[in-house]
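Visitor: model this:
(one chain, ligands or ions: 1)
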Amino acid sequence: MYDLLIQNGKIVDGSGEAVFVGDVAIKDGKIAAVGRFSPTEAEKIIDAEGLIVAPGFIDHHSHSDYSLLGPHRFDNKVEQGITTEIVGQCGGTLAPIRPQDLERAAGMFGLADDQVKFFSEKLGTFSQYVDYLETIDLGDNWAFNAGHGSIREFVLGYENRAPTAHELEEMKDHVRNAMEAGAVGLSTGLIYPPASYADTDELVALLKVVAEYGGNYTTHMRSEGDSIVEAVREALEIGERAGVPVNIAHFKLCGKNNWNKLGEILELIENAQNRGLKVRADMYPYLAGSAGLIDAIPNCFAAEGPERLVENLKNEDFRKRVWRELQTGSGFENLIEYCGFDGVKIFGAAITEELKGKSIAEIAEERSTQPFDTICDIIVENAGDVRAGYFMREEAQVARLFALPYVMGCTDGSIKSEFLPAGHPRDTGSFPQLIRKFVREKKIVSIEEAIHKLTYLPADMTGLKGKGLIEEGYDADIAIFDLETLTDHADYLYPEAKNEGMKYVIVNGSIAVQDDQFTGVFSGKVLRKR
Ligand SMILES: [Zn+2]
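Guide: The predicted model follows:
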């Protein structure tokens, strides 16, 4: 007797092979058989006639781990069809963490003293952290990377220098500790201090440890904009010197002035692949990043903190200096150059709420002010509390990236936490949008190719056994949806709007989503690679 029988579905098994109609039988959390079975053979039946039955999606780049520090909920991830998340991205993990850094996080997440004490006991080493993960309720499965930034901060703090030989050994020990605990690889976030102080040799040394365990390297590169070509070169060099597969995280080309570099980048990647290096990338489909409007002002003007900057922006001469830097300066990510004034939009404002949804160009037109002055005015009017969307990507280029056979899907988002800043729609809608846009509407990839990119490819990249295929013996992680209606409704103004068309999501044999709603069943597991 099977526990669950999914009948008459259009099975897209993750391998890339053609869809076929059939039944999937589940027992004890595993796929027991794929074929044709009588309803009398199972305790429970799901009628999947007309629906796609696919392996559960693997979110190859998830930041859900930080939400664990406070009250959190899983619905926005699982309702997309995600059954496995790879956390520990962009070099940041919850462990190892120094007491003073935990204090800082405690402020952000509103932790009480006893919770700080609790976490400081759980997060001293990576292996303690993974043991702790085993004790909490997970709505989906979690695999994890070690984080270079967290390790560097633990060993060197914020010091802007190379590690001593002794410190490097200590960093390698932390990597080894994580790999022994079952990490799938090491991640970096090379735009974020103190990780940005690391040179290429330091990263190669740490990744040689990862290579001993068959892990991979996943990187938020040093640049996704003006220096992206150099950044891709570095990522590939690290992979080749250390002997590890390379994943380019949340792959995108930021800035109108950089879009023409795609050909050169793809040539670099494909040449490395031809030399035998395994190179993949993951991506989400949205065109805009979300940050403070104040982040459009170059960092060098913000050294005295955001409050002082808001004060300074009231001053005409100060504005002139900032504007001159934006036009002639270099060495910073120039969001205004990347997006243009029509590509910077207000997503939320503490005071001038009526601006929500409008671009700087539109507001400047309405107010008859210069666009840059308009930005400064809005920052001042709201005492700095303005959330903006930066439209840095080209729509056609996003589609072209997803069509590449080595590109996978991700959210770059987290499970919901009331202590994290207002979300980006990618937290909720990434996977439905990838399928809606690129399979159903634009027909850039077939459903078989898309499912392969969202399931088998990331399972293969991370080396997770039993994931990514509908096949006998595999874990019963399954997404069942209507290809004709699957739709994401989250957008920049309503980032938590629910999806539709996801009929069932099954995690380790249990029904975690029914009719677009998380059922409250926590059947996720911690996935240790070793
Ligand atoms: Zn990142």
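
Visitor: so Val24 bridges to which residues?
Guide: Beta-bridge partners of Val24, counted by DSSP bridges, are Ile6, Val34.

Visitor: distance of it from Glu484?
Guide: 21 Å (C-beta to C-beta, to the nearest Å). C-beta coordinates here come from the backbone N, C-alpha and C atoms, glycine included.

Visitor: so the most centrally placed residue in the chain, which state does it fall into?
Guide: Taking C-alpha atoms, centre = their mean, the centroid of the chain lies closest to Asp412, which sits 1.6 Å from it. Taken by DSSP: H, G, I helix; E, B strand; the rest coil, the conformation at Asp412 corresponds to coil.

Visitor: quick check: next helix or strand after the lowest-mean-pLDDT helix or strand in the chain?
Guide: In the chain, the helix or strand scored least confidently by mean pLDDT, DSSP states H and E is helix 99-109, which has a mean of 79. Reading on from helix 99-109 to the C-terminus, the next helix or strand found by DSSP states H and E is helix 113-122.

Visitor: run the angle between that following helix and helix 99-109 for me.
Guide: 130 degrees (axes from the mean of the first three to the mean of the last three C-alpha atoms, to 10 degrees).

Visitor: what are the buried residues along helix 113-122?
Guide: Using 16 or more other C-beta atoms under 10 Å as the test for burial, helix 113-122 gives Val116, Phe119, Lys122.

Visitor: any idea how far the second one is from Ala105?
Guide: Here the criterion is C-beta to C-beta. By it, Phe119 lies 8 Å from Ala105.

Visitor: repeat for the last one
Guide: Distance of Lys122 to Ala105, given as C-beta to C-beta: 13 Å.

Visitor: re the thing from before, pLDDT and distance to the ion added to the buried residues of helix 113-122, as TSV?
Guide: Shown next, in TSV, are the buried residues of helix 113-122 (pLDDT from 0 to 100; distance: C-beta to the ion, whole Å):
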residue	pLDDT	distance to the ion
Val116	85	26
Phe119	86	23
Lys122	86	25
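
Visitor: smallest gap between the stretch 51-200 of the chain and the ion, at which residue?
Guide: The ion sits closest to Cys90 of the stretch 51-200 of the chain, with a gap of 3.5 Å, by C-beta to the ion.

Visitor: next: the stretch 401-530 of the chain.
Guide: Asp412 (6.4 Å).

Visitor: pLDDT at the nearest residue to the residue of the stretch 51-200 of the chain closest to the ion once chain neighbours are set aside, what is it?
Guide: In space, and not counting its chain neighbours, Cys90 is closest to Gly189: 3.4 Å by C-beta to C-beta, 6 or more residues apart in numbering. We have a pLDDT of 95 for Gly189.

Visitor: for beta bridges, what are the partners of Gly189?
Guide: His220.

Visitor: and it, what is it in contact with?
Guide: Gln89, Cys90, Gly91, Gly92, Gly147, His148, Gly149, Ala195, Thr219, His220 (C-beta atoms under 8 Å, 6 or more residues apart in numbering).

Visitor: sitting in helices, which of these do you find?
Guide: His148, Gly149 (DSSP state H).

Visitor: redo the contacts of Gly189 as JSON lines? Include neighbour count.
Guide: Formatted as JSON lines, these follow (neighbours: other C-beta atoms under 10 Å):
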{"residue": "Gln89", "neighbour count": "30"}
{"residue": "Cys90", "neighbour count": "24"}
{"residue": "Gly91", "neighbour count": "29"}
{"residue": "Gly92", "neighbour count": "22"}
{"residue": "Gly147", "neighbour count": "31"}
{"residue": "His148", "neighbour count": "28"}
{"residue": "Gly149", "neighbour count": "22"}
{"residue": "Ala195", "neighbour count": "25"}
{"residue": "Thr219", "neighbour count": "25"}
{"residue": "His220", "neighbour count": "24"}
